[in-house]
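In: Fold the following and give me the result.
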Amino acid sequence: MAVSRVVGAVFFLAVALFAGCEGFGSGAPTSACTTMQPGHLNNGTSVAAQNSTSPYSIVPGTSSYTAGGTVSVQILGPVFQGFLLQARQTGMTTPVGTFSNAPNNTKTTMCTAADSSMTHDNTNAKENITLTWTAPSTTMGNIEFVATIADVKTTYWMNVKSSEISGATITRATAYVILFSLISTVYCLQA
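Out: Just a heads-up that it's a prediction; the model follows:
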């Protein structure tokens, strides 16, 4: 009888300790998709984001994108364990486009659609990683990459943003040039 009580007490303590150490080591929870808040707990208490300037930066490989085109994006800075990264229309909270070619220790995840976000696959050390984003089939206007990056479970920064990248669109001047070229071609063929 005493052995079963000891086993029961050890089991209870183990469960209680694991419940107080929520850290999402295998990727960001879907509850973080809109808010970017990871929901980390430390001894049952919610862990707040850092207020200091982030040591991390999000750097797109280009200043513009085309519909359906790919853009490389880097997370640069010191070693980190976890992250959640999305491309969003500037000022919006819904991810756009998809990620692919996940490097080691990372994976794509579903927020609004399959592969709409990128996150960590484990808590192994990551540093200066390059990710691949594919733009939607129609241009969405200006977008920015937004991330939450966790140095460790109890130290993370939210809303780390890249510079905006613009969606390539046909301007009126370009449309007029195309129209003029077509009219000129038709005129020349008739002459």
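
In: helices or strands up against the helix or strand harbouring F145?
Out: According to DSSP states H and E, F145 maps onto strand 143-152. Helices and strands touching strand 143-152, by 3 or more CB pairs under 8 Å, 6 or more residues apart in numbering; DSSP states H and E, are strand 57-60, strand 70-76, strand 82-89, strand 155-161. The way it works is simple: take the backbone N, C-alpha and C, and place the C-beta from them, glycine included.

In: Of the ones you listed, which is nearest M36?
Out: For the helices and strands packed on strand 143-152, distance to M36 was read as CB to CB. The smallest value, 5.2 Å, belongs to strand 155-161.

In: got the angle between that closest one and strand 143-152?
Out: 170 degrees (axes from the mean of the first three to the mean of the last three CA atoms, to 10 degrees).

In: Relative to whichever helix or strand comes after strand 155-161, what are the paired strands and their orientations?
Out: Later in the chain than strand 155-161, the nearest helix or strand by DSSP H and E is strand 166-167. Strand 166-167 has its sheet partners listed here by DSSP bridges as strand 64-65 (parallel).

In: Tell me which residues are up against the partner strand.
Out: Contacting residues not belonging to strand 64-65 are listed as 71, 135, 139, 143, 165-168 [CB atoms under 8 Å, 6 or more residues apart in numbering].

In: okay if I get those residues as JSON lines plus pLDDT and distance to N122?
Out: Formatted as JSON lines, those follow (pLDDT from 0 to 100; distance: CB to CB, whole Å):
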{"residue": "V71", "pLDDT": "97", "distance to N122": "25"}
{"residue": "A135", "pLDDT": "97", "distance to N122": "28"}
{"residue": "T139", "pLDDT": "90", "distance to N122": "35"}
{"residue": "I143", "pLDDT": "97", "distance to N122": "28"}
{"residue": "I165", "pLDDT": "96", "distance to N122": "29"}
{"residue": "S166", "pLDDT": "95", "distance to N122": "35"}
{"residue": "G167", "pLDDT": "91", "distance to N122": "34"}
{"residue": "A168", "pLDDT": "76", "distance to N122": "37"}
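
In: partners of T148 in the sheet?
Out: L84.

In: hang on, it packs against Q37?
Out: Yes. Between T148 and Q37 there is a contact under CB atoms under 8 Å: 7.5 Å.
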